[in-house]
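> Curious how this folds, go ahead:
(chains A and B, ligands or ions: 1)
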Amino acid sequence: MPMTVTEKILARHAGKEEVRPGELVNVVCDVVLGNDITAPLAIAEFERTGAGRVFDKSRVLLVPDHFVPNKDIKSAEQAKILRDFARRQELTYRWDVGTMGVEHCLLPEQGLVGPGDLVIGADSHTCTYGGLGAFATGVGSTDLAAAMALGETWLKVPESVKFIYHGAIGPWTGGKDLILHTIGVIGVDGALYQAMEFTGEAVCGLSVEGRLTMANMAVEAGAKNGIVAPDETTRRWVEGRHQRPVAFLASDPDAVYARVYEFDVSGLEPQVAFPHLPSNVRPVSRALDVRIDQAVIGSCTNGRIEDLRLAARVLAGRKVHPDVRLIVIPGTPAVYRQALDEGLTAVFLDAGAAVSTPTCGPCLGGYMGILAKGERSVATTNRNFVGRMGHPESEVYLANPAVAAASAVCGRLADPREVVKDAD
Amino acid sequence: MQTEGRAWRFADNLDTDGIIPARYLNTSDPQELAAHCMEDADPGFASGVAPGDVVVAGANCGCGSSREHAPIALKAAGVGAVIAPTFARIFFRNAFNIGLPILECPEAVAGIEAGDRVRVDFDRGTIQNLTTGREYAARPIPPFMRKIIECGGLINYVRERLEGGSIT
Ligand code: SF4
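Take a look at the predicted model:
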């Protein structure tokens, strides 16, 4: 029977020849993931199982990134539960302030997730790893507890929906714009429970970073996972980086899809999602009259080196508007270091931006950039729900790093082409 | 594994507030939750439901918040199975994880009225309407998932597996 790449990964991990959409399968997990919000609950449930030890010290990955460096006493207590557990269990990988990064930037970078892997994480953006050709999905803390004990979980095989992107996207656009455009068309429940498979020349032309950004926001369309079948670009990325054997799987030509969408994205311009839904999308040229108070560049969506390079290209030799706070948050210490080595950090500082240690921070309204009543922020993050970055009457506009940087310069939503005249 | 009882009908998009209103979330005691189960969706439910009864709901059953209290309330109320054409994803996971069997079967939902007697065989995946004599085929629940339900939920299942070696 022909299968999609998602079905093939699930079949392999279920020990079956084939699986069909709707089927319930028991699968082995290559990696299970938790963070400082979800792990404490999972650890309590784990203790109830009586397991004592986790199934594999090198495959249980706990990343304190949401409210760490500890934002207040409560979050310090939560993070301590994770830290104590990681120490007690002698987990192979232990990250903390100084080595810790935003989980979905950190794991791909350190070669801990890769093509053909099956990953579950108690975090809804676990779907990010689909950008490398893994099956990855978010689950609850109870699921994480059971998986930490057994190294297995149960899943319902999702139907797949295929998205084909034709043409070459315009300047200053990337994975963020493709996925925003897509969610704008299909809506926040447009792929409920399903696998979003991204294909076509515009996706093939993306870097792994851009693909991770696309898969990251699959959950914003309600999807169970997003996936780009691994290719040569993926191979180059994982070589010398990935710690375990990889599997380069592709969908069969006659695989069955619930729906197929074809987009002509030739010359696609940067996209912006207006409050308060990621589907509330307009091209940037129709978004230029929105004054902003803050710009945030970072997060698991756009906190990678490519994202910072893009922002720096816009900011080089320019100043952040006096009415705007620009906060740049590299996704991991390695990204931080590279930004320093490439001179990007100097560009940000010269422009008048603050550059933070890696953390989720403002993305979920945690700390490090909370909005007051009536304030607006452009952000390279993934959610603009009511109150996501602070006061319930504040607003978040989702965009790519170039748009966020250009907006920081102009004091309002701006097209990078307005700021950088000699763009290609 | 089987259940048999009366059918309780609910409309599409039965949400978790309908199943257990948020004002009762200050407890996680299953019996207290059961006492208020469906209070806003069908006030007669909590007092009338009997062990083994079956909830037959419309599409997107269990949508809304991710609270596990919703399937816990249904299970503690004695509900033996929930049948719907489709379930919200988190409710689906939560239900199995706390040991409440659920089945997707649009045909059965169309063919069952409130008060009908219904028998569900989870091994075979059959739903019988004993009142009308009609039988419907759902996807059988695979053995490892039945085991999760028999153990009373995922955490107990893990405990049993770790104690008793292999059970699948
Ligand atoms: S950066 Fe934001 S979306 Fe990503 S894991 Fe952190 S809080 Fe979640």
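> count of residues packed around A:A86?
If you count neighbours by other CB atoms under 10 Å in any protein chain shown, A:A86 ends up with 25. Yep, even glycine has a C-beta here, placed from its N, CA and C like the rest.
> Give me the pLDDT for it.
Each residue has a pLDDT score; the one for A:A86 is 98.
> Return the residues in contact with it.
If you count contacts by CB atoms under 8 Å, 6 or more residues apart in numbering or on different chains, A:A86 has them with A:L62, A:R94.
> which residues does B:F87 bridge with?
Judged by DSSP bridges, the bridge partners of B:F87 are B:C61.
> And for the lowest-mean-pLDDT helix or strand in chain B, what's in contact with it?
The helix or strand of chain B with the lowest confidence, counting by mean pLDDT, DSSP states H and E, is helix B:16-19 at a mean of 90. Contact with helix B:16-19 is made by B:10, B:37-38, B:40-41, B:62-65, B:67, B:69-71, B:73-74, B:91, as judged by CB under 8 Å, 6+ apart.
> try it again with 6 Å
The contact list for helix B:16-19 (CB atoms under 6 Å, 6 or more residues apart in numbering or on different chains) reads B:D40, B:A41, B:G64, B:S65, B:R67, B:A70.
> list the contacts for the residue of the stretch 1-150 of chain A found nearest chain B?
Using CB to the nearest CB, the single residue of the stretch 1-150 of chain A nearest to chain B is A:T49, 4.2 Å away. Counting by CB under 6 Å, 6+ apart, A:T49 touches A:A149, B:I155, B:V158, B:R159.
> Tell me the spacing between the residue nearest to the first one when sequence neighbours are not counted and A:P278.
Computed as CB to CB, 6 or more residues apart in numbering or on different chains, the closest residue to A:A149 that is not its neighbour in sequence is A:A51, at 3.8 Å. The span separating A:A51 from A:P278 equals 38 Å under the rule CB to CB, to the nearest Å.
> between those two, who's got more neighbours?
Per other CB under 10 Å, whichever of A:A51 and A:P278 has more neighbours is A:P278, with 24 against 18.
> Nearest residue to the more buried one in space, please, no chain neighbours.
Per CB to CB, 6+ apart, closest to A:P278 is A:E220, 4.3 Å.
> ok, now B:I98?
B:G153 (4.7 Å).
> and that neighbour, how many neighbours?
B:G153: 24 surrounding residues under other CB under 10 Å.
> need the contact list for it.
For B:G153, the contacting residues are B:N97, B:I98, B:G99, by CB under 6 Å, 6+ apart.
> correct me, but the last one touches B:I155?
No. In terms of CB atoms under 6 Å, B:G99 does not count as a neighbour of B:I155; the distance is 9.7 Å.
> Looking at these two, which one has more neighbours?
For the pair B:G99 and B:I155, the greater number of neighbours falls to B:I155 (23 against 19), based on other CB under 10 Å.
> which residues sit against the helix or strand containing that one?
Here B:I155, judged by DSSP states H and E, is contained in helix B:154-164. If you take CB under 6 Å, 6+ apart as the criterion, helix B:154-164 is touched by A:45, A:48-51, A:142, A:146, A:149-150, B:97, B:148, B:151, B:167.
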